[in-house]
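[1] okay, sequence plus prediction incoming.
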Amino acid sequence: MVAYVISALLEGKLSGFIPIALLLSLLFCGSSFVLGQESPYIVTYDHYLEEPGSLEVEYFSTFGTQRRGNDFDAFWTEFEYGTTAWWTTELYVDGQTTFNDSTIFTGFRVENRFRLLPREHLVNPALYIEYEQTSGADKIVKEVEGHDVESDYGPPNGILRKEHDHELEMKLLLSSTFKGWNVAVNPIFTKNLSPSEPWEFAYAVGASHPLALKASPNRCNFCRENFIAGVEMYGGLGNTRSAGLHDTSHYLAPEVAWNLPSDWTVRFSSSFGLNDNSHRLLLRWGLSREFSGFGEMIGRLFRGRP
Amino acid sequence: MKALVGLSRAGDRAGLAAILVVLGIGAFGTERALAQAPPSKNQRSIYAVLEEAPEKARKKKNPFAEDSEAVAAGGKLFEQHCAECHGKKAGGTMHGANLLREEVQKAMPGTLFWILTNGVVRRGMPVWSKLPEPERWQIVTFLQSLWPQPIKPDIANPGGN
């Protein structure tokens, strides 16, 4: 089965990254699981990091409407590992299908998040540093930077994929949790490593709250405490040559996360474009599962069992 | 190298300056927090972190004290979030302290709540403020319901001390 999935992927018979998620499920079958209390955010980050030694595997899909071009379904898989209690490292693999066009791999991202303060405060900062190597056909819209607008995504994949981006992205993750509410604000700074490209600016803000603050005594799928509702707003703020809101796109996204006792988290989000430069609708969903003790399992592979 | 050359442009310098300002805020906060930390902390027992809870935090009352439903809910939460490191019976593992120890069991509820909220990040325990306050109190209620119990760790020499 594993060999089939790998060979099918290499031959391009299977599109998307669903097979990768399937492959990982097979590989990690039998590992121990732990229930995460995952936020509903898809674009915004709060200051909470992955638990040390845990690996979270996530699959996300974004269906986007396109006024001057074909609609698309962009997808990415994330592997998020808690290196320490103050450092999380992550790998993203991106792809997309543009309807009436093609399905292509669009690049990868490597990201690190660092907690800056050892204890909780009213506002908690964390630092996010990402290197990404993607093509112009990348459509996951994980963040909107600078003057990114809907028409950038219009040309066919054959043209867009010729553009290669090597970017360094930095975010300051500011987050506060009070009375069950989480509010997160992320100023974003991006530099395309091509010398001629300017620094780009962007923002993402989010607020979320669980539907119940108290846990019920029994395990249950549909208890209110398993659901966290939230809303995000994100968009571009121009670049060093032309900062500001003109020719930028912005989105408002109500969303919900469902943390199942069977260790899965499901997220749904609808991003609505707030101006004419934005996609009218970005419909997202995500599925994730946390594998605790992953680091120890890998360690045992190299050290051997006692 | 090309990227570095690019940074010399005026616009790029403005962007870099903005980032340094933002990073500076974080660095200042970190420095302040480190200055407040006791110097010999790394050599002390993991249970000594219980003493670091501020007086105000210690005095907080557990709203669920002796609530049997909270014990059950706390037990469920403990299994979901804590048992991986502290053991299913809270007796400790290679990665988490034995919570059946007297130091923990006799700690004030507010102290345990404070530890849960702030974690012990340098020693690998993450912050758990992402759990709503009532859920953290439910976990504290569950933990303190384990006392008095015979100290029976899940593995030999748990807690790393």
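    Great, that's in hand.

[2] name the spans of the chain whose pLDDT lies under the cut-off.
    Picked chain A for this. Judged against pLDDT under 70, the low-scoring parts of chain A cover residues A:1-36, A:304-306.

[3] could you do chain B instead?
    Short version for chain B, where the test is pLDDT under 70: B:1-44, B:149-161.

[4] quick one: the helices in it?
    B:2-7, B:10-36, B:55-58, B:68-81, B:83-86, B:102-105, B:109-118, B:133-145 (DSSP state H).

[5] and the third one, does that touch chain A?
    Just to be clear, that refers to helix B:55-58. No - counting by Cβ under 8 Å from any Cβ of the partner chain, chain A has no neighbours in helix B:55-58; the shortest distance is 10.9 Å. For every residue, glycine as well, the C-beta is placed using N, CA and C.

[6] which helices and strands sit right next to that helix?
    Under the contact definition 3 or more Cβ pairs under 8 Å, 6 or more residues apart in numbering or on different chains; DSSP states H and E, helix B:55-58 sits against helix B:109-118.

[7] export the helix it packs on as PDB, just CAs?
    Extracted in PDB, the C-alpha atoms of helix B:109-118 (Å, rounded to 0.1, in the frame of the first residue of the first chain):
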ATOM      1  CA  PRO B 109      -4.400  24.900  44.800                       C
ATOM      2  CA  GLY B 110      -3.400  28.400  43.600                       C
ATOM      3  CA  THR B 111       0.200  27.300  43.200                       C
ATOM      4  CA  LEU B 112      -0.700  24.300  41.000                       C
ATOM      5  CA  PHE B 113      -3.000  26.600  39.000                       C
ATOM      6  CA  TRP B 114      -0.100  29.000  38.500                       C
ATOM      7  CA  ILE B 115       2.300  26.300  37.400                       C
ATOM      8  CA  LEU B 116      -0.300  25.000  34.900                       C
ATOM      9  CA  THR B 117      -0.900  28.400  33.500                       C
ATOM     10  CA  ASN B 118       2.800  29.400  33.200                       C
END
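
[8] okay, now residue A:292: neighbour count?
    When neighbours are counted by other Cβ atoms under 10 Å in any protein chain shown, residue A:292 registers 27.

[9] any idea how far apart the tips of stretch A:241-260 sit?
    This stretch, stretch A:241-260, spans 46 Å end to end (Cα to Cα, to the nearest Å).

[10] in it, what counts as buried?
    Neighbour-count burial for stretch A:241-260, counted by 16 or more other Cβ atoms under 10 Å in any protein chain shown, picks out A:241, A:243, A:248, A:249, A:250, A:251, A:253, A:255, A:257, A:258, A:259.

[11] mind listing the strands for the stretch 201-306 of chain A?
    A:227-239, A:250-259, A:264-273, A:281-291 (DSSP state E, counting those that start in this stretch).

[12] what angle do the first one and strand A:264-273 make?
    Here strand A:227-239 points in a direction 40 degrees away from that of strand A:264-273 (axes from the mean of the first three to the mean of the last three Cα atoms, to 10 degrees).
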